[in-house]
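J.: quick check, what structure comes out for this input:
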Amino acid sequence: KKAVTNYSVVSYNDEMSLLRLKLETGRTHQIRVHMFDLGHPLVGDATYGKRKERNTAIKRQALHASSLTFEHPVYKLKMSFISPLEKDFKELIKSEGL
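T.: Here you go, the predicted structure:
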């Protein structure tokens, strides 16, 4: 099935990049698979990422949904949610100079 992920680079260093992604589709593991296929797996992704990563400020997948919008499947209302970055994600960005 078709899966489309649009992305832009927010900042980067020699080791990693901070990206902004916008999905046109919603497939299982879509972001993780697309980034892996591009040769840039997510930090902390044990399935699609590097087996041995250097120590980072985050102990999980470095993936965060800052906003989600979708149509409610029953009521057909547009629903939007916003979520601030967690502390560990902020620490990763700061520690990597991103």
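J.: so what's the residue count around the nearest residue to Gln30 once chain neighbours are set aside?
T.: Distances taken as CB to CB, 6 or more residues apart in numbering place Ala3 nearest to Gln30, at 5.1 Å, with adjacent residues excluded. Just so you know, the C-beta spots here come from the backbone N, C-alpha and C atoms, and that holds for glycine as well. By the measure other CB atoms under 10 Å, the count of residues near Ala3 is 15.
J.: one more: Leu21?
T.: The number of residues packed near Leu21 is 15, by other CB under 10 Å.
J.: kindly report the same for Ala57.
T.: Residues within reach of Ala57, counting by other CB under 10 Å, total 16.
J.: how close does the residue of the chain most remote from its centre sit to Ser83?
T.: In the chain, the greatest distance from the average C-alpha position (CA atoms, centre = their mean) is reached by Tyr75, at 28.8 Å. Separation of Tyr75 from Ser83 (CB to CB, to the nearest Å): 22 Å.
J.: quick check: closest non-adjacent residue to the residue nearest the centre of the chain.
T.: Centroid-nearest residue in the chain, with CA atoms, centre = their mean: Leu63, separated by 3.3 Å. Closest residue in space to Leu63, ignoring its immediate chain neighbours: Leu42 at 5.6 Å, by CB to CB, 6+ apart.
J.: mind checking pLDDT for the one you found?
T.: pLDDT recorded at Leu42 is 93.
J.: mind pulling up the phi and psi values for it?
T.: phi -70, psi 140 (degrees, to the nearest 10).
J.: ok, it - contacts?
T.: Leu42 makes contact with Ile31, Arg32, Met35, Tyr48, Gly49, Gln61, Ala62, Leu63, according to CB atoms under 8 Å, 6 or more residues apart in numbering.
J.: which of those residues scores worst on pLDDT?
T.: In terms of pLDDT, the lowest of the contacts of Leu42 is Gly49, showing 84.
J.: what secondary structure does Lys90 sit in?
T.: Of the three states, Lys90 takes helix according to DSSP: H, G, I helix; E, B strand; the rest coil.
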